[in-house]
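> no letters, just coordinates:
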């Protein structure tokens, strides 16, 4: 940091939301032309800080200096005026429009689009590095793979004249190979003088690509380090304030097969095969993990198993019975449980209370309904029990689901599904976007369920999670099972190769 | 507190409109009030109108909970009238007052049937309910016009009405309680149905499924709830309720089948439901308000001829606007007066 | 020219006339809904404009003043809708409904008060109305077989508004796809956050969209009272605003398909008056009252055959709160 001019300087930034102090007197600086990591677990305040830099949120106190000059950033427009651009985790792209139109948005250069179009094409041309990553300007964004969509996001920021790029959790949706390509691109940008702020909770990324890193915890800066002088373990300790506690895992003792999938194939709305001859077995008392990044058929596999997606061919047997023609309710009655990948879309109803959400998926059970009427007292009592056992806070059953934090929401959904003691549990992204404490509890519960003899199919984009919990790991790529690896032998490079579709090494 | 202020704003603006026509707003308001509840008979009329609004309001609110906009109340009421009239005319002479419950069921069935087709089209073919229910209103109007003018008309008369129903097949009047008015047993029936609707939505499993389907159809489906069934159920129940307007109008007041008897009640049900925030209790209150406006409006146009009945419609519009859409207009300012911290 | 041919031309001409208010109102609704705001208030805007146009024309004796008045009132109503929906973030369905009811009552009240007729304006003299236009060469070419009569009866001889409506379809499509405003409009209805992150104001964009809605609905309403008709009468829009909304949904919120849907409704409407008393094959004479239901039954049948969801603008109906 010494010697290189600071292009971004934050001094004493504080921001409070109601009773929560999201940022507490945050101060650090970013040197020009460097890749700077901002790391912390979910809820540490790094997202708030990024939002402050891009003008979504105005700090209660503190100062921002860009190039040594104080900057007042109250809106994205102000941020762009001082050269700050943002690449969002959830892309700010209009899916129904083309790449060119998305680039032009805000940079139309006139009431008719002719000049804006020319300028956008120029940007596409100059920044499109060679290889096979040429982007067709007239492609509709919806049809692009995730990696390319992200490229468009980056190009958008550059087209708007960003000198400072903020990337918010950029690798959440990328395969290891795509992530590596992204890092290459970031290094190239940094060499050409752009400054990059990488906001993430992934230690490996920070170690791989950043020059310096700021660690946040509970809204405060707890460390400012040069990357080459630290280790992942040190960073982890700073992030959570204590050593991580991996759950204890009893040795595997799998029983009879509970789920047998043979030759499963399905097509999506465009007629493209999203599941291609998938076969797998999950036994009682074992956790089978499926590694891979979204878009390779994992979501479709979950949907097919649960009953949300019809299959074209193949069989799915639950305890020997073919469930392909059964509806969702029927499958649940036969002991299938499901923790959805997206808790707010599929797993719960945001506007309902915790009590009503506890009922979701269990509304047919005799414990919760009698003669068509809901047994409110019984539901509430059971929910209070879960809140105790799973440390769900605040323990208010009538509180609206949307008012619980992400971690508590997920614990509620997990409790609801686990406490049914399903024979087969299909789990998608169980700890995505939640704090470490909640994640640890959920991992412990999943392992406990495994010991009780349930068969669990775990699908997650978090390789560490998959390796931690699974007894066997399958890798999906392009809708098919690319390979199987026992947990002990699963190292990241091997899994990464399988995920990218390279042939399995002998 | 805030709703009271919103309503006041609506009334004040209405008064300004009255002023613009050259009449005295205060005289108009007092005429309205006395017209609505000045004596027993007026109150009876108010409650009689409110009955229709409770029914059509519920007819819109139930499907709304499932995420569906039922604009078909007019047609559903109309067809309910058809089936109940047929029962009254066919079975009335032989069964007498024993035919009443059958006719009530027929009214509900007629409305339910007319809602079932758009419901099925939505579930099976994805047809947009707003469009189909609008179309079905027009179709019902055409069909009923045809039937009333050509088939059911009382022989030898020119007025487009059916033969009068047998006297025994009429809903017992509540007139003696308050004063001469068409108020009849349908009013307490409507209140009970509102209560039943509340119990259904709040306490029953089917009601939970309906609300879940409306709040988040993806999550509901993943939980094993059939969204299509929930939609169909709520829409059919809504249609049945709208059909019961026929019981109030035809069996309770007119005692024969008339052309265009739904007269806009089905449509106004939308306003009632929105103002009552789709809650059965709120709907009862909103229905009472609209009923009072309807009845008071008649008195108003009597006393102040230069102010036509249309002023009542203006008041309804302003009431829905301020209580429904602009409800937060005054909220911030009031909070500040009361010393609360303005919320973000 | 055979009888059937003449009949056909007559139906086509009627179709264009009947479709005009629908097309104009539907295009107005298109701007609003593409920006992400539900608009069930097309009926109210049309009615308000019809009244204002007729009243202004009656008071000044000028059709052009009437037109300005109609557009002005419709725009005012649209801005009121914008205020409630965008600034107050109120329920958009309730607002639209409330404005419909308000106008339905206010127009007759004012009409009665100002003109002392029951809820209507006095009949307008020809100077205060827009008359039909004859396109150049219509009479001269009428001798040409097929094309001549077609030109004379179907294409020429319409009100200026009819040609305006046809032009409007092309203009709206152009604006939507070839201008900065159109690009941003399409974006904000689908993904308002993308607009905000680009530094553009979502609210201002939506207000401008509703301004367009007001202008187009104003044209639609004015057509009814000072071009097609000769004054304002109570409830003269007769549900056309809702039909226009239906056409918009049918047309998947795109200008040309929406216009075609309007034509469909209009041709069914035009045909049914001519089918009254006419013996059809198989069925015989269809009773007058039932014939009027044909356009609607047809729509339902088409909807039943229409498999596939309408692709509504994704942010439709969701009030936008700035920032996170």
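Sure thing, it's come through. Note that this is a predicted model, so its numbers are computed, not measured.
> run through the residues of the stretch 1-150 of chain C sitting next to chain B.
Taking CB under 8 Å from any CB of the partner chain as the contact definition, the stretch 1-150 of chain C meets chain B at C:84-85, C:88-95, C:97-110, C:112-113, C:118-119. To be clear about C-beta, it is placed using only N, CA and C from the backbone, and glycine gets the same treatment.
> is chain A within reach of whichever helix in chain C runs longest?
With secondary structure taken from DSSP state H, chain C has its longest helix at helix C:3-34. No. Shown here: helix C:3-34 not in contact with chain A (CB under 8 Å from any CB), separated by at least 11.2 Å.
> show the secondary-structure elements that that helix is packed against.
If you count contacts as 3 or more CB pairs under 8 Å, 6 or more residues apart in numbering or on different chains; DSSP states H and E, helix C:3-34 packs onto helix C:42-60, helix C:147-149, helix C:160-178, helix C:180-190, helix C:202-223, helix C:240-250, helix C:255-275.
> follow-up on the earlier one: narrow the residues of the stretch 1-150 of chain C next to chain B to those in helices?
Using DSSP H, the residues of the stretch 1-150 of chain C next to chain B in helices are C:92-95, C:97-110, C:112-113.
> for the nearest residue to residue B:324 once chain neighbours are set aside, what are its contacts?
Closest residue to residue B:324 apart from its sequence neighbours, by CB to CB, 6 or more residues apart in numbering or on different chains: residue C:94 at 3.8 Å. Contact analysis of residue C:94 by CB atoms under 8 Å, 6 or more residues apart in numbering or on different chains lists B:274, B:320-321, B:324-325.
> which pair in the residues you listed spans the largest distance?
Of all pairs drawn from the contacts of residue C:94, the greatest distance, 10.3 Å, lies between B:274 and B:321 (CB to CB).
> chain A contacts on chain B?
So chain B meets chain A at B:203-206, B:208-209, B:211-212, B:215-216, B:218-226 (CB under 8 Å from any CB).
> and the longest helix of chain C with helix C:42-60, angle?
110 degrees (axes from the mean of the first three to the mean of the last three CA atoms, to 10 degrees).
> what comes up buried for helix C:3-34?
Across helix C:3-34, burial judged by 16 or more other CB atoms under 10 Å in any protein chain shown covers C:9, C:11-34.
> got it, and stretch A:240-249?
A:240, A:249.
> now do it: distance from first to last residue.
22 Å (CA to CA, to the nearest Å).
> pLDDT (mean, whole number) over that stretch?
Mean pLDDT, taken over the full extent of stretch A:240-249, equals 72.
> so what touches it?
So stretch A:240-249 is contacted by A:41, A:217, A:222, A:236-237, A:436, A:440, A:443-444, A:447, A:468-469 (CB under 8 Å, 6+ apart).
> for the residues you listed, which two are the farthest from each other?
Those two in the contacts of stretch A:240-249 that are separated most widely, counting by CB to CB, are A:222 and A:447, at 30.3 Å.
> follow-up on the earlier one: mutual contacts of residue B:274 and residue B:321, please.
Joint contacts of residue B:274 and residue B:321 (CB under 8 Å, 6+ apart) are C:94, C:98.
> are we agreed that residue A:225 is in a strand?
Yes. Looking at residue A:225 with DSSP: H, G, I helix; E, B strand; the rest coil, it is inside a strand.
> wait, doesn't it sit right on residue A:210?
No. With contact defined as CB atoms under 8 Å, residue A:225 does not reach residue A:210; the gap is 9.8 Å.
> quick one: name the residues of chain A near chain C.
So far as CB under 8 Å from any CB goes, chain A lies against chain C at A:51, A:54, A:56-57, A:75-77, A:80, A:86, A:88, A:92-97, A:101-102, A:104-108, A:110-113, A:116, A:160.
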